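Engineer: Kindly return the folded structure for what I paste below:
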Amino acid sequence: MSVYEKYIKDITKIGRSTMILGLIVSFLPPLVMTFGFGFNPGLGAILAGAISQISVSGAFYFSEPISYFPIVGRAGLYMGFLSGNLVNMRIPAAVSSLEGSGYESGTDEGAIMGTIGIGVSIWVGIVFLLVSVFAGQTLLANLPQSISRMLSLIIPALFGGVFGQFALKSPKSGVFALAVAFIMTKVVAIIPGKPSFIITLVSVFATIAFAKKQLIKKIDKEEA
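Structural biologist: Numbers count the residues shown, from 1 in each chain. Model prediction:
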């Protein structure tokens, strides 16, 4: 067994344990509220809330592990899903680590670099979270209105930055992804209930299929 295989084996054991622990801790507050204090909205409200949430983010349960695994590897996925903010903090940090190290995504070395990037982002996030908890609200309340409006653009900027980095490596896949996403927003707009998760589901897997075909064509051309 190689060093990397042993590393993955140990990571899997630790990752599964921490994910189970995180699941238990996540359910602890509502369980305490229900059985400790007697506050419960009822099964109907819980099911309605669950269905509503699944309709918005259900696609991410399938698309995110598949699309992010080549960037961060198994360890990075465990850390990212447990710590949260995967899209707007962890993945940009992992991509920056890959770009800085020079390793390719989808390789063992790239997965380790992505994991390191996520680990650093978690510690940085903890520090800034502590600062924001104690001083953030006061600071935000005194910011000029123009700066407050600019802060709302942080998430779109991060999405655009990550997309741009990958689109430069495969411009055709980038254009295809934009086209599919645009078409799906129009299609979903006319579907009753507007199930927005379909946009993500179709865009991610359609782009993966398109990029795979482009890669196969490139390999066939090089071998010819």
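
Engineer: Against Ile11, how distant is Gly22?
Structural biologist: Going from Gly22 to Ile11 by CB to CB, to the nearest Å gives 15 Å. Where you see a C-beta, it was placed from the backbone N, CA and C, and this is true even at glycine.

Engineer: Next: Gly164.
Structural biologist: Taking CB to CB, one finds Gly164 at 30 Å from Ile11.

Engineer: One more: Met19?
Structural biologist: Distance, Met19 to Ile11, by CB to CB: 12 Å.

Engineer: who has more neighbours, those two?
Structural biologist: Using other CB atoms under 10 Å as the criterion, Met19 and Ile11 rank with Ile11 on top: 18 against 14.

Engineer: any idea which helix or strand comes after the one helix or strand Ala94 maps to?
Structural biologist: Using DSSP states H and E, the element containing Ala94 is helix 91-101. Per DSSP H and E, the first helix or strand lying C-terminal to helix 91-101 is helix 108-131.

Engineer: Please save the CA atoms from that next one in PDB.
Structural biologist: Only the C-alpha atoms of helix 108-131 are listed here, as PDB (Å, rounded to 0.1, in the frame of the first residue of the first chain):
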ATOM      1  CA  ASP A 108      -3.300  13.000  -6.200                       C
ATOM      2  CA  GLU A 109      -1.000  16.000  -5.800                       C
ATOM      3  CA  GLY A 110      -3.800  18.300  -6.900                       C
ATOM      4  CA  ALA A 111      -6.200  16.800  -4.400                       C
ATOM      5  CA  ILE A 112      -3.700  17.300  -1.600                       C
ATOM      6  CA  MET A 113      -3.100  21.000  -2.600                       C
ATOM      7  CA  GLY A 114      -6.900  21.500  -2.700                       C
ATOM      8  CA  THR A 115      -7.200  20.000   0.700                       C
ATOM      9  CA  ILE A 116      -4.500  22.300   2.100                       C
ATOM     10  CA  GLY A 117      -6.300  25.300   0.600                       C
ATOM     11  CA  ILE A 118      -9.600  24.300   2.200                       C
ATOM     12  CA  GLY A 119      -7.800  23.700   5.600                       C
ATOM     13  CA  VAL A 120      -6.300  27.200   5.500                       C
ATOM     14  CA  SER A 121      -9.600  28.700   4.500                       C
ATOM     15  CA  ILE A 122     -11.300  27.000   7.500                       C
ATOM     16  CA  TRP A 123      -8.800  28.500  10.000                       C
ATOM     17  CA  VAL A 124      -8.900  31.900   8.300                       C
ATOM     18  CA  GLY A 125     -12.700  31.700   8.400                       C
ATOM     19  CA  ILE A 126     -12.700  30.800  12.100                       C
ATOM     20  CA  VAL A 127     -10.500  33.900  12.900                       C
ATOM     21  CA  PHE A 128     -12.700  36.200  10.900                       C
ATOM     22  CA  LEU A 129     -15.800  34.700  12.300                       C
ATOM     23  CA  LEU A 130     -14.600  35.400  15.800                       C
ATOM     24  CA  VAL A 131     -13.800  39.000  14.800                       C
END
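
Engineer: What segments of the chain are helices?
Structural biologist: 3-31, 43-57, 60-83, 91-101, 108-131, 137-141, 145-151, 154-169, 171-189, 197-223 (DSSP state H).
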